[in-house]
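J.: pasted the sequence and its predicted model underneath.
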Amino acid sequence: MAALQAQIEPHFLFNTLALIGQLIETDPPQAAKIHTHLIAYLRATLPQMRGPGSATLGRQLEMARAYLAIMQARMKARLAVSIDVPAQMHSASLPPMMLQILIENAIKHGLEPKVEGGRIDIRASVDGATMQVEVQDDGVGFNLHADDGVGLSNVRERLRLLYGQRAQLVLEAPHGGGTRALIRLPYAPDIFAGNAAK
């Protein structure tokens, strides 16, 4: 986890600070907005770094929303986002950084290489005792024969260590193009979280 976070955080943080620096000169209100999103992102991220066993889907969605708001400021009309996750699922356990990795992959490998950009859809559902978290993009797609990168390999290995055969990461190529990444794992809601679940 530490190695993965060390790989992800500095690159994103430095790019975001550089963007804020540029916008201070040209568009101060937009710089202030991105600064606010960065604070929200760090507020959502830091508790997961300190307590990696306590991550929930809701906390990861907080982080994702702040991250995606910053990416939309960078990519402007080239990035559209949709999030469809029932509120009652927000307290469900989801290992730290997994959603973030899927989103970053969708942008980096799917949408940034596409001149016109595209769309990311984030969904979650429950089927019996299994939770499915899905990130789909309509980008350039992926090479079915390529190896997983560091992020996806990390997700696969952590799912295996935490859940054995009860969890998996699946990559699919939808008919309309792009990539669909799905994490399936045991559904473990916090029954004490109630309406306060994040």
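T.: Great, that's in hand. Numbering: from 1, shown residues only.
J.: alpha carbons only for contacts and neighbour counts from here, please
T.: OK.
J.: got the end-to-end distance for stretch 89-106?
T.: Its start and end residues considered, stretch 89-106 measures 23 Å (CA to CA, to the nearest Å).
J.: quick check: most distant residue from the centroid of this structure.
T.: What lies farthest from the middle of the chain is residue 25; by CA atoms, centre = their mean that is 30.1 Å.
J.: quick one: secondary structure of residue 136?
T.: Under DSSP: H, G, I helix; E, B strand; the rest coil, residue 136 falls in the strand class.
J.: give me the neighbour count for it.
T.: Residue 136: 25 surrounding residues under other CA atoms under 10 Å.
J.: contact partners for residue 139?
T.: Residue 139 is in contact with 106, 109, 110, 111, 113, 114, 117, 118, 119, 177, 178, 179, counting by CA atoms under 8 Å, 6 or more residues apart in numbering.
J.: setting aside sequence neighbours, what's the nearest residue to the third one?
T.: In space, residue 110 comes closest to residue 139 once its chain neighbours are excluded; the distance is 4.1 Å by CA to CA, 6 or more residues apart in numbering.
J.: on that earlier part again, mind giving me the PyMOL command for buried ones among the contacts of residue 139?
T.: A single PyMOL command is used to select the members of the contacts of residue 139 judged buried by 16 or more other CA atoms under 10 Å:
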select buried, resi 106+109+110+111+114+117+118+119+177+178+179
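J.: closest to residue 132 among the contacts of residue 139?
T.: Lowest distance from residue 132 to the contacts of residue 139 (CA to CA) belongs to residue 179, with 15.7 Å.
J.: which strand residues bridge the closest one?
T.: Taking DSSP bridges as the rule, residue 179 bridges to residue 137.
J.: what average pLDDT does stretch 96-114 get?
T.: In this model, stretch 96-114 has a mean pLDDT of 90.
J.: and stretch 143-155, by the same measure?
T.: Rounded mean pLDDT across stretch 143-155 is 75.
J.: cool, and stretch 124-134?
T.: The model assigns stretch 124-134 a mean pLDDT of 96.
J.: with that, I have no additional questions.
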